[in-house]
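Asks: Quick one, structure for this:
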Amino acid sequence: MTLGRFGLRKRDYDFPPFRPPSEANSLLLRVTRGCPWNRCTFCSMYKTMKFERRDLEEVLEDISMARELYSDRVQTVFIGDSNSLVLKADELVRILNALYSSFPHIERVTSYARARTIAKKPIEDLRKIYEAGLNRLHVGLETGDRELLKEIDKGATPEELIEAGKKAKQAGFEYSLYVLLGIGGEEKWEQHARGTADVLNQIDPHFIRVRTFVPQPNSSLYDAMEEGRFQPASPETILKETRLLLKELEVTSQFMSDHISNLVPLHGKLPEEKGKMIQLIDEVLKGLQDDVSLKEEMEARRHLTNL
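Replies: Sure thing, here's the model as predicted:
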């Protein structure tokens, strides 16, 4: 658990190494280790571990251990690592039942998931998992552009991304999609923005969370940047890309920029606050032309290698 996790560490509680910023105060419960795909060229996560499903009894023991310390304090839970839906539905239901019986004040349980896994999962299983109490799925869209999806080896097509989103919403989940601003580099920003908007418009997720792509060591795209085969998008390009994405969106989603990598704090409900967010981008773009220090500050974000 982020809250008091050092107290549990001495007792061999197995924490997920990664979680969304929105789960900063959640109990962290690990049901798998690593990523079953682990090929995305932009990603440096899970590279040192082999994917495995944790033994169900071990997970239940972790829940029991956490209950001893945190029973009345746990309101939200995040299930890791990267794709808990690879577990059988009945196993996840047992885990969720144990969570809710152990922590009486739970308001939300969330997890990372892969779009292709959701697309392949029977709708009956998804409904069973949702009804047991898994409320929200965090899914990496990254881009909706077909060419870029292949280039970053995402392991999903635009059609699969759309199918997964619609299926998850049909099952009842809140759906939170992540977009990687700048993943097309300096050259392909426009197709990235348009292709992503097209997929998002067909899904209409509850949340659109943007992250600015910063190449990380131990990833293929970082090596490509170092070798001059990938040119990261400039701050101006990323802002233009974000503006175009917002302009093309026709959704009823919360648009959120909740990460240190992002250049502008964009938060708003779409479509109501689209104009306000576009106006803010326009003001920052104008500021970049007039303020050298602002440009230098944004350029410095390229060197964030510990996100």
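
Asks: all strands in the stretch 1-150 of the chain, in order from the N-terminus.
Replies: 27-30, 32-33, 52-53, 76-80, 108-113, 136-142 (DSSP state E, counting those that start in this stretch).

Asks: Show me what the last one is packed up against.
Replies: The helices and strands touching strand 136-142, judged by 3 or more Cβ pairs under 8 Å, 6 or more residues apart in numbering; DSSP states H and E, are strand 108-113, helix 115-120, helix 158-171, strand 174-181, helix 189-203. In this view, the C-beta of every residue, glycine as well, is placed from N, C-alpha and C.

Asks: so what strands line up beside the helix or strand following the longest one?
Replies: What that stands for is helix 189-203. Downstream of helix 189-203, the first helix or strand assigned by DSSP states H and E is strand 207-212. Counting by DSSP bridges, the strands paired with strand 207-212 are strand 174-181 (parallel), strand 254-256 (parallel).

Asks: among these, which is the most enclosed?
Replies: Counting by mean count of other Cβ atoms under 10 Å, strand 174-181 has the highest mean neighbour count of the strands paired with strand 207-212, with a mean of 23.

Asks: orientation of it relative to strand 108-113 in degrees?
Replies: Interaxial angle, strand 174-181 versus strand 108-113 (axes from the mean of the first three to the mean of the last three Cα atoms, to 10 degrees): 50 degrees.

Asks: relative to helix 189-203, how tilted is strand 174-181?
Replies: With the same axes, to 10 degrees defining the directions, strand 174-181 sits at 170 degrees from helix 189-203.

Asks: Show me how far strand 174-181 is from its chain's centre.
Replies: Centre-to-centre, strand 174-181 and its host chain are 6 Å apart (Cα atoms, centre = their mean, to the nearest Å).

Asks: For that strand, which outside residues touch it?
Replies: By Cβ atoms under 8 Å, 6 or more residues apart in numbering, the list of residues contacting strand 174-181 from outside reads 20, 22, 42, 110, 135-143, 165, 168-169, 196, 200, 203, 205-213, 233, 238, 241-242, 245, 262.

Asks: Helix 158-171 and that one, what's the angle between them?
Replies: Orientation of strand 174-181 against helix 158-171 (the same axes, to 10 degrees) gives an angle of 150 degrees.

Asks: Helices of the protein, residue ranges please.
Replies: Along the chain, the segments classed as helices by DSSP state H run 5-9, 56-70, 89-102, 115-120, 123-132, 146-151, 158-171, 189-203, 220-226, 235-248, 274-290, 292-300.

Asks: Just put the ones you listed in a markdown table and tack on mean pLDDT, mean neighbour count and distance to residue 26.
Replies: Output for those, formatted as a markdown table (pLDDT from 0 to 100; neighbours: other Cβ atoms under 10 Å; distance: least, Cβ to Cβ, whole Å):
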| stretch | mean pLDDT | mean neighbour count | distance to residue 26 |
| --- | --- | --- | --- |
| helix 5-9 | 51 | 12 | 11 |
| helix 56-70 | 93 | 16 | 11 |
| helix 89-102 | 97 | 18 | 11 |
| helix 115-120 | 97 | 20 | 21 |
| helix 123-132 | 98 | 17 | 18 |
| helix 146-151 | 98 | 16 | 30 |
| helix 158-171 | 98 | 20 | 20 |
| helix 189-203 | 98 | 21 | 25 |
| helix 220-226 | 91 | 17 | 29 |
| helix 235-248 | 96 | 21 | 28 |
| helix 274-290 | 92 | 14 | 27 |
| helix 292-300 | 76 | 12 | 31 |
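
Asks: can you tell which of those helices is closest to residue 83?
Replies: With distances scored as Cβ to Cβ, the stretch of the helices of the chain nearest to residue 83 is helix 115-120 (5.7 Å).

Asks: Summarise which helices and strands that closest one is packed against.
Replies: strand 136-142, helix 158-171.

Asks: Residues contacting the longest one, please?
Replies: Contacts of helix 158-171 with the rest of the structure, by Cβ under 8 Å, 6+ apart, involve 113, 115-119, 121, 123, 126-127, 129-130, 137, 139, 141, 144-146, 149, 156, 175, 177, 195, 198-199, 202-206.

Asks: One more: stretch 190-203?
Replies: With Cβ under 8 Å, 6+ apart, stretch 190-203 has contacts from 141, 143-148, 158, 161-162, 165-166, 169, 175, 177, 179, 183-184, 208, 241-242, 244-245, 248-251, 253.
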